[in-house]
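1. structure here, sequence nowhere to be found:
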(Lines give C-alpha, C1' and ligand atoms only; values in the text may rest on other atoms or scores of the structure.)
Protein backbone atom coordinates (compact mmCIF):
# COMPACT_ATOMS: atom_id res chain seq x y z
CA UNK A 1 0.00 0.00 0.00
CA UNK A 2 1.13 3.51 -0.58
CA UNK A 3 1.56 6.16 2.12
CA UNK A 4 -1.52 8.20 1.14
CA UNK A 5 -3.83 5.23 1.57
CA UNK A 6 -2.31 4.35 4.97
CA UNK A 7 -2.74 7.97 6.10
CA UNK A 8 -6.36 8.01 4.94
CA UNK A 9 -7.09 4.75 6.78
CA UNK A 10 -5.55 6.15 9.99
CA UNK A 11 -7.62 9.34 9.74
CA UNK A 12 -10.77 7.25 9.15
CA UNK A 13 -10.17 5.11 12.25
CA UNK A 14 -9.39 8.16 14.41
CA UNK A 15 -12.60 9.88 13.30
CA UNK A 16 -14.56 6.67 13.83
CA UNK A 17 -13.09 6.24 17.33
CA UNK A 18 -13.96 9.83 18.22
CA UNK A 19 -17.53 9.34 16.96
CA UNK A 20 -17.98 6.12 18.95
CA UNK A 21 -16.56 7.67 22.15
CA UNK A 22 -19.00 10.60 21.91
CA UNK A 23 -21.85 8.18 21.32
CA UNK A 24 -20.88 5.93 24.22
CA UNK A 25 -20.30 8.70 26.74
CA UNK A 26 -23.18 10.87 25.38
CA UNK A 27 -21.23 14.02 26.15
CA UNK A 28 -19.41 16.52 23.99
CA UNK A 29 -15.69 15.86 23.71
CA UNK A 30 -14.93 19.24 25.33
CA UNK A 31 -16.72 18.10 28.47
CA UNK A 32 -14.49 15.04 28.59
CA UNK A 33 -11.27 17.02 28.19
CA UNK A 34 -12.03 19.97 30.51
CA UNK A 35 -11.11 20.05 34.18
CA UNK A 36 -13.87 18.91 36.48
CA UNK A 37 -16.37 21.72 37.09
CA UNK A 38 -17.30 20.43 40.52
CA UNK A 39 -13.86 21.50 41.84
CA UNK A 40 -13.96 25.02 40.38
CA UNK A 41 -15.33 27.68 42.76
CA UNK A 42 -18.05 29.97 41.45
CA UNK A 43 -17.78 33.71 42.05
CA UNK A 44 -21.57 34.10 41.92
CA UNK A 45 -22.71 30.95 43.77
CA UNK A 46 -20.23 31.25 46.65
CA UNK A 47 -21.62 33.15 49.66
CA UNK A 48 -20.43 35.44 52.46
CA UNK A 49 -22.40 36.15 55.66
CA UNK A 50 -21.71 38.23 58.79
CA UNK A 51 -23.35 38.24 62.21
CA UNK A 52 -23.91 40.54 63.97
CA UNK A 53 -23.96 43.29 61.37
CA UNK A 54 -23.68 46.06 63.96
CA UNK A 55 -21.57 46.04 67.12
CA UNK A 56 -19.58 48.35 69.41
CA UNK A 57 -16.15 49.57 68.35
CA UNK A 58 -14.54 48.43 71.61
CA UNK A 59 -11.84 46.12 70.22
CA UNK A 60 -13.46 43.14 72.00
CA UNK A 61 -16.87 42.59 70.38
CA UNK A 62 -16.58 40.21 67.44
CA UNK A 63 -18.62 39.70 64.32
CA UNK A 64 -18.41 36.22 62.78
CA UNK A 65 -17.87 36.11 59.03
CA UNK A 66 -18.70 32.84 57.25
CA UNK A 67 -17.70 32.22 53.64
CA UNK A 68 -19.24 29.26 51.80
CA UNK A 69 -17.27 28.06 48.78
CA UNK A 70 -19.63 26.64 46.14
CA UNK A 71 -19.38 25.49 42.51
CA UNK A 72 -21.78 26.44 39.70
CA UNK A 73 -24.15 23.66 40.81
CA UNK A 74 -24.18 25.20 44.32
CA UNK A 75 -22.37 22.18 45.77
CA UNK A 76 -19.82 22.80 48.57
CA UNK A 77 -16.11 22.60 47.75
CA UNK A 78 -13.62 21.69 50.46
CA UNK A 79 -9.87 22.38 50.81
CA UNK A 80 -9.98 25.84 49.24
CA UNK A 81 -8.02 28.71 50.80
CA UNK A 82 -10.12 31.80 51.47
CA UNK A 83 -8.66 35.24 52.10
CA UNK A 84 -10.82 37.93 53.67
CA UNK A 85 -10.04 41.64 53.36
CA UNK A 86 -11.61 44.60 55.13
CA UNK A 87 -11.58 48.38 54.89
CA UNK A 88 -11.79 48.75 58.69
CA UNK A 89 -10.88 46.67 61.72
CA UNK A 90 -8.82 43.53 62.27
CA UNK A 91 -9.61 40.08 60.93
CA UNK A 92 -8.88 37.01 63.02
CA UNK A 93 -8.64 33.84 60.96
CA UNK A 94 -10.36 30.90 62.59
CA UNK A 95 -10.42 28.51 59.66
CA UNK A 96 -9.08 29.86 56.33
CA UNK A 97 -9.43 26.47 54.53
CA UNK A 98 -12.94 25.37 53.54
CA UNK A 99 -14.33 22.29 55.27
CA UNK A 100 -16.58 19.55 53.84
CA UNK A 101 -19.53 21.96 53.80
CA UNK A 102 -17.40 24.55 51.95
CA UNK A 103 -17.41 26.78 55.04
CA UNK A 104 -14.61 29.01 56.30
CA UNK A 105 -14.93 31.18 59.40
CA UNK A 106 -13.38 34.49 60.39
CA UNK A 107 -13.86 37.01 63.22
CA UNK A 108 -13.55 40.78 62.92
CA UNK A 109 -13.05 43.38 65.65
CA UNK A 110 -12.46 47.11 65.59
CA UNK A 111 -11.61 49.96 67.94
CA UNK A 112 -12.51 52.51 65.26
CA UNK A 113 -16.08 53.50 64.50
CA UNK A 114 -17.30 53.12 60.93
CA UNK A 115 -18.39 50.62 58.33
CA UNK A 116 -16.14 47.67 57.49
CA UNK A 117 -16.58 46.52 53.88
CA UNK A 118 -15.55 42.85 53.60
CA UNK A 119 -14.73 40.84 50.51
CA UNK A 120 -13.51 37.27 50.08
CA UNK A 121 -11.07 35.79 47.56
CA UNK A 122 -10.80 32.04 46.94
CA UNK A 123 -7.34 30.59 46.16
CA UNK A 124 -5.94 34.09 45.54
CA UNK A 125 -7.75 34.29 42.19
CA UNK A 126 -11.56 34.15 42.46
CA UNK A 127 -13.20 37.14 44.15
CA UNK A 128 -16.70 36.39 45.39
CA UNK A 129 -19.23 38.74 43.78
CA UNK A 130 -21.16 39.20 47.04
CA UNK A 131 -19.75 41.51 49.70
CA UNK A 132 -20.85 42.19 53.27
CA UNK A 133 -20.63 45.20 55.62
CA UNK A 134 -20.29 45.35 59.40
CA UNK A 135 -21.02 48.59 61.25
CA UNK A 136 -18.85 49.45 64.26
CA UNK A 137 -20.24 52.13 66.56
CA UNK A 138 -21.13 53.15 70.11
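-> Perfect, thanks for sending it. Computed from a prediction, not measured in an experiment: that's the story for all the values here. Numbers count the residues shown, from 1 in each chain.
2. part of a helix, is residue 18?
-> Yes. When classified by DSSP: H, G, I helix; E, B strand; the rest coil, residue 18 is found to be part of a helix.
3. per-residue confidence at it?
-> Looking at residue 18, its pLDDT is 80.
4. count the neighbours of it for me.
-> Neighbourhood size, residue 18 [other Cβ atoms under 10 Å]: 11. To be clear about C-beta, it is placed using only N, CA and C from the backbone, and glycine gets the same treatment.
5. how close does it get to residue 110?
-> From residue 18 across to residue 110, the span is 60 Å (Cβ to Cβ, to the nearest Å).
6. any idea which helix or strand comes after the longest strand seen in the chain?
-> Taking DSSP state E as the criterion, the chain has its longest strand at strand 114-122. Remark: after strand 114-122, the chain's next helix or strand is strand 126-127, criterion DSSP states H and E.
7. who does the longest strand of the chain pair with, and is each partner parallel or antiparallel?
-> When pairing is defined by DSSP bridges, strand 114-122 lines up against strand 82-86 (antiparallel), strand 126-127 (antiparallel), strand 132-137 (antiparallel).
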